[in-house]
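**Student:** Next input, structure requested:
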Amino acid sequence: MKLFGVNFYATGTIPGNVENVLTYNIKNGKAILFEHKNSNYFGIAEVKKFGPIYYYNGGTDFYEIEDRMPFSVAGYGEKNGDFTVAVKIPSGSSIKYISLGNHLEPEDPLNESISLDIVQQYSEQYSDSYLLREVEGNYVFFLTNGYSKQTWTVRGFDEDGKLVADKLFGSQPRYLQ
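**Tutor:** Numbers count the residues shown, from 1 in each chain. Below is the predicted model:
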């Protein structure tokens, strides 16, 4: 609701013609994964609350899936605080699960043999190092405790649990088939 130019709802503070996809409550506000209503772009916004009103506190915008890429990744937040990671998967993709964490060097043999079962086990044992989500409506949204190699390492698994794509820290997303 907007009254006298003041936004009372978090999504209304994000610049542009956008709609909320997923939201996390963060300290004094919300982290919002949004998409533009008339395009394929998406982004992340941090919206802070001051009394009954919300205000846009920054974010990242205009991400899209590039040609021949398995997914697109956007991140926003603090190095040692709330850091959000959004992953968009193209329609019709075989990717059904996304994991975040466990940076392995590209030459590490486990990197290509890692499976959804292994990630599920580790996400239960080491929930601060591994996060796992099922894709919902072509998106996955994570809230982490800061930016690091682990929070910028993304893997995509198909419905059978096979690793089909990844984005290791410092690299571009890639298919592994």
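**Student:** make it CA atoms for all contacts and neighbour counts henceforth
**Tutor:** Noted.
**Student:** I'd assumed T153 was in contact with F169.
**Tutor:** Yes. At 5.2 Å, F169 counts as touching T153 under the criterion of Cα atoms under 8 Å.
**Student:** Stretch 52-69: how far from the chain's middle?
**Tutor:** Stretch 52-69 sits 11 Å away from the centroid of its parent chain (Cα atoms, centre = their mean, to the nearest Å).
**Student:** can you pull the buried residues of it?
**Tutor:** 54-56, 59, 61, 63-65 (16 or more other Cα atoms under 10 Å).
**Student:** With distance to S39, secondary structure and pLDDT as new columns, can the residues you listed be given to me in TSV?
**Tutor:** Listed next are the buried residues of stretch 52-69 as TSV, based on distance: Cα to Cα, whole Å; DSSP: H, G, I helix; E, B strand; the rest coil; pLDDT from 0 to 100:
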residue	distance to S39	secondary structure	pLDDT
Y54	25	strand	86
Y55	24	strand	89
Y56	21	strand	91
G59	18	strand	94
D61	12	strand	93
Y63	11	strand	95
E64	9	coil	94
I65	12	coil	91
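**Student:** nearest to A165, of those residues?
**Tutor:** I65 (13.7 Å; Cα to Cα).
**Student:** the strands in the chain, which residues?
**Tutor:** 2-3, 6-7, 18-26, 29-36, 42-50, 53-63, 72-77, 82-88, 97-101, 130-134, 139-145, 154-157, 163-167, 174-175 (DSSP state E).
**Student:** which residue sits closest to T23 in space, ignoring its chain neighbours?
**Tutor:** Ranked by Cα to Cα, 6 or more residues apart in numbering and with sequence neighbours excluded, the top spatial neighbour of T23 is I32, at 4.5 Å.
**Student:** Okay, the one you found and V140: tell me how far apart.
**Tutor:** To V140, I32 is 12 Å away according to Cα to Cα, to the nearest Å.
**Student:** Comparing these two, which shows the higher neighbour count?
**Tutor:** Taking other Cα atoms under 10 Å, I32 and V140 do not tie; I32 has more neighbours (26 against 23).
**Student:** distance of the spatially closest residue to V18 that is not a sequence neighbour from E66?
**Tutor:** Nearest non-adjacent residue to V18, counting by Cα to Cα, 6+ apart: H36, 4.3 Å away. According to Cα to Cα, H36 stands 16 Å off from E66.
**Student:** Any regions of the protein where pLDDT drops low?
**Tutor:** 1-11, 103-112 (pLDDT under 70).
**Student:** For stretch 120-135, which outside residues touch it?
**Tutor:** With Cα atoms under 8 Å, 6 or more residues apart in numbering as the test, stretch 120-135 has contacts from 89, 95-102, 119, 140, 142, 150.
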